[in-house]
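Q: give me a model of this one.
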Amino acid sequence: MGHSVIKVNSKFTLLLAFEVRNEVFVIGQSVPKHIERDAHETTAHHFLALHEGRAIGACRWRETEKGVKLERFAVLKQFRGCGVGTDLLEKVLNNVKSILGNGAYLYLHAQIEAKGLYEKQGFVAIDPVFEEAGILHQAMYKYG
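A: Have a look, this model is predicted:
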């Protein structure tokens, strides 16, 4: 399956990312919309996966007082298992490195079902499993 990952660079592509996240989180996982969208949307770095012009995946990263937080990784159900999540993650890691250089503290809250994706990229699970928006997660980190 051919797909590409781009850095969001317009209001239109940001809206496409929001649509993917809405379908995955709000509709698919019953995450309340007021939790899924937050005050960091305008300052985060957003990415979008496309297949034949259709938005199929999205994610973002942002700087926090702890380091770099990777978040909102979403892939439409019919495109899971096709490398879209891996490509989104790799694009984000490369973008963080190009902006901040080597050695940044990277962290995320992985849904338990997706932990393997992050472990393959060197993330290590820390702290006990916790619930966020009604879904089990685990904190993970790595130095990039």
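Q: who's in contact with the most centrally placed residue in the chain?
A: What sits nearest the mean C-alpha location of the chain, by Cα atoms, centre = their mean, is Phe73, with 2.5 Å. Going by Cβ atoms under 8 Å, 6 or more residues apart in numbering, Phe73 touches 57-59, 85, 88-89, 108, 114, 117. (Each C-beta comes from the backbone N, C-alpha and C, glycine too.)
Q: in TSV: the residues you listed, plus pLDDT and neighbour count.
A: Output for the contacts of Phe73, formatted as TSV (pLDDT from 0 to 100; neighbours: other Cβ atoms under 10 Å):
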residue	pLDDT	neighbour count
Gly57	98	26
Ala58	98	29
Cys59	98	27
Gly85	96	22
Leu88	98	25
Leu89	97	22
Leu108	97	24
Ala114	94	18
Leu117	95	17
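Q: related to what we said a few turns ago, quick one: the residue nearest to the centre of the chain is in a strand?
A: Yes. Going by DSSP: H, G, I helix; E, B strand; the rest coil, the assignment for Phe73 places it inside a strand.
Q: please shift the residue numbers so they start at 42 in all later answers.
A: Noted, 42 is the first residue going forward, which turns the last one into Phe114.
Q: tell me who's in contact with Val65.
A: Contacts here follow Cβ under 8 Å, 6+ apart; on that basis Val65 touches 115-118.
Q: can you give the contact residues for stretch 136-147?
A: The contact list for stretch 136-147, computed with Cβ under 8 Å, 6+ apart, reads 48, 86, 88, 102, 104, 107-111, 134, 164, 182-185.
Q: give me the subset of those residues lying in strands.
A: Mapping the contacts of stretch 136-147 onto strands (DSSP state E) picks out 48, 86, 88, 102, 104, 109-111, 182-184.
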